[in-house]
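K.L.:
Pasting the sequence and the predicted coordinates here, then a few questions.
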Amino acid sequence: MTYRPTESVYGPPFAKRIPSLIYLALALLFGLFIAFAESSPTDSWQFVYVVERDVHRPLGSRPFAIILVLSALAAVVRTSMRGVRVRPDGVECREVVGLGWPRIQRYRWPQIDGIDLATRSIAFDLWDGTRTFLPVVSDREGLAVVLEKIGAARSIPVKGGQGLDEVPESHEFDDED
C-alpha cells in the first residue's frame, strides 16, 4: 500500500500578484476614460482628443483600449499560473519565464530522495544527486505540512519539519497499480 495524497494547489504570494493587478486596474481606468470620452459632449476636450483626433492615428483609441485590457487580463492569468501543485503521483512546479512562456517541472515521488523544509524555500534532494527549490507560494506552511505528511507516509527523509500531529487517514491509503 502506498500513500497517494489528494491533489492540492498552492499559488504565488499576493506580493507577486500586485503588479499585474495594478496593470489591470490602470487598463480598466483607461478603458472607462475612453468610453466616457466617446459619450461626452462634442465640445469637451475628452471628445476632441479621443474621437476627433483618432482620424490621424494609426491605431484608434477604442482598439487600443481593448488591446490594453486584454493584455492586462492575460497578465493576471499568467501570474496565477505560478505555484506548486501536489498530485497523487508527484509534485508539479509551475513558473513563468521570458515573455509569458510557462515552465512546468514534474517530480515523481520515487525521484525524491529527501525533502528540506528548513530552508527559506522548500527544497527537494533528487535521486541523481541534485537539489531543486520549489517556487515561493502563498501558503508555505500548508505546503510544508502536506509534504511532511507525504514524506512520513512514503519513507522520504524530511529535514526541518514541525512534526506530524496526525497520521494520514486510512482511506487515504490505496493499492498501487
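P.N.:
Happy to help now that I have it.
K.L.:
What are the boundaries of the helices in the chain?
P.N.:
Using DSSP state H, the helices of the chain run over 14-38, 45-50, 61-80, 140-153.
K.L.:
Between the ones you listed, which one is closest to W101.
P.N.:
helix 61-80 (9.7 Å; Cβ to Cβ). Using the backbone N, CA and C atoms, a C-beta is placed for each residue, glycine as well.
K.L.:
Quick one: residues contacting L68.
P.N.:
With contact taken as Cβ atoms under 8 Å, 6 or more residues apart in numbering, L68 is in contact with A27, F30, G31.
K.L.:
Tell me the pLDDT of the last one.
P.N.:
At G31, the pLDDT value in this model is 94.
K.L.:
center of the protein - which residue?
P.N.:
R82 (2.4 Å; Cα atoms, centre = their mean).
K.L.:
How much space separates that residue from S39?
P.N.:
Distance of R82 to S39, computed by Cβ to Cβ, to the nearest Å: 39 Å.
K.L.:
T132 too?
P.N.:
54 Å.
K.L.:
same thing with Q46?
P.N.:
Note on Q46: its distance to S39, by Cβ to Cβ, is 9 Å.
K.L.:
So those two - more neighbours on which side?
P.N.:
Comparing Q46 with S39 by neighbour count (other Cβ atoms under 10 Å), the higher total belongs to Q46, at 15 against 10.
K.L.:
Off-centre distance for stretch 118-127?
P.N.:
Relative to the chain's own centre, stretch 118-127 is displaced by 19 Å; criterion: Cα atoms, centre = their mean, to the nearest Å.
K.L.:
follow-up on the earlier one: pretty sure the residue nearest to the centre of the chain contacts V97?
P.N.:
No - applying Cβ atoms under 8 Å, one finds R82 not in contact with V97, separated by 10.5 Å.
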